[in-house]
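S.K.: can't give you the sequence, but here's the structure:
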């Protein structure tokens, strides 16, 4: 059986987590800079009235992206029901709410419900004395 030193593993885990956080911060900063460039490209497309601009470095494409949401879920559910439009909703179960429901109603399990569970590891830095 392989022996593992928990001190070494915990320390390695914390150093890796710290490095990941540093890299994520760098990615966040790059994404902010990329947004500035994106805004300038969009302004350029708007000025030229163009949906496509070809350059030696690549082709810039402007497209219209739509997003929809509601501020009145009750009315929206009624709308979906009235128009038999369940396809307007995404198929996913809210994990936290489902867990809470099943804990409160252990005998009420919907047909076809599937679940998985796994152990996960969390490592905290030691408190300084």
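M.R.: Arrived safely. From a predicted model like this one, the values you see are computed outputs, not experimental measurements. Residues are numbered from 1 along each chain as shown.
S.K.: so after the top helix by length along the chain, what's the next helix or strand?
M.R.: Secondary structure of the chain per DSSP state H: the longest helix is helix 6-48. Next along the chain after helix 6-48, taking DSSP states H and E as the criterion, comes strand 52-54.
S.K.: what are the pairing partners of that following strand, and which direction each?
M.R.: Paired strands of strand 52-54, with direction, are strand 59-61 (antiparallel) (DSSP bridges).
S.K.: tell me which residues of the helix or strand that comes right after the partner strand are tucked away?
M.R.: Going down the chain from strand 59-61, the next helix or strand is helix 73-82, by DSSP H and E. Across helix 73-82, burial judged by 16 or more other C-beta atoms under 10 Å covers residue 76. To be clear about C-beta, it is placed using only N, CA and C from the backbone, and glycine gets the same treatment.
S.K.: Quick check: mean pLDDT of the helix or strand just after helix 73-82?
M.R.: Next along the chain after helix 73-82, taking DSSP H and E as the criterion, comes helix 95-104. Taken as a whole, helix 95-104 has a mean pLDDT of 94.
S.K.: same check, this time on stretch 66-77
M.R.: 94.
S.K.: still on that earlier bit, report all helices and strands that the longest helix of the chain contacts.
M.R.: Contacts defined by 3 or more C-beta pairs under 8 Å, 6 or more residues apart in numbering; DSSP states H and E place helix 6-48 against strand 52-54, strand 59-61.
S.K.: What lies in contact with the first one?
M.R.: Contacts with strand 52-54, where a contact means C-beta atoms under 8 Å, 6 or more residues apart in numbering, come from 41, 44, 45, 59, 60, 61, 62.
S.K.: Pull out the buried members of these.
M.R.: For those, buried by 16+ other C-beta under 10 Å: 45, 60.
S.K.: returning to that earlier point: save the helices and strands packed on helix 6-48 as TSV, and put in mean pLDDT and distance to residue 104 too.
M.R.: Converted to TSV, the helices and strands packed on helix 6-48 look like this (pLDDT from 0 to 100; distance: least, C-beta to C-beta, whole Å):
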stretch	mean pLDDT	distance to residue 104
strand 52-54	94	55
strand 59-61	94	50
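S.K.: Could I get those strands in CSV, plus columns for distance to residue 92?
M.R.: Listed next are the helices and strands packed on helix 6-48 as CSV, based on distance: least, C-beta to C-beta, whole Å:
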stretch, distance to residue 92
strand 52-54, 35
strand 59-61, 30
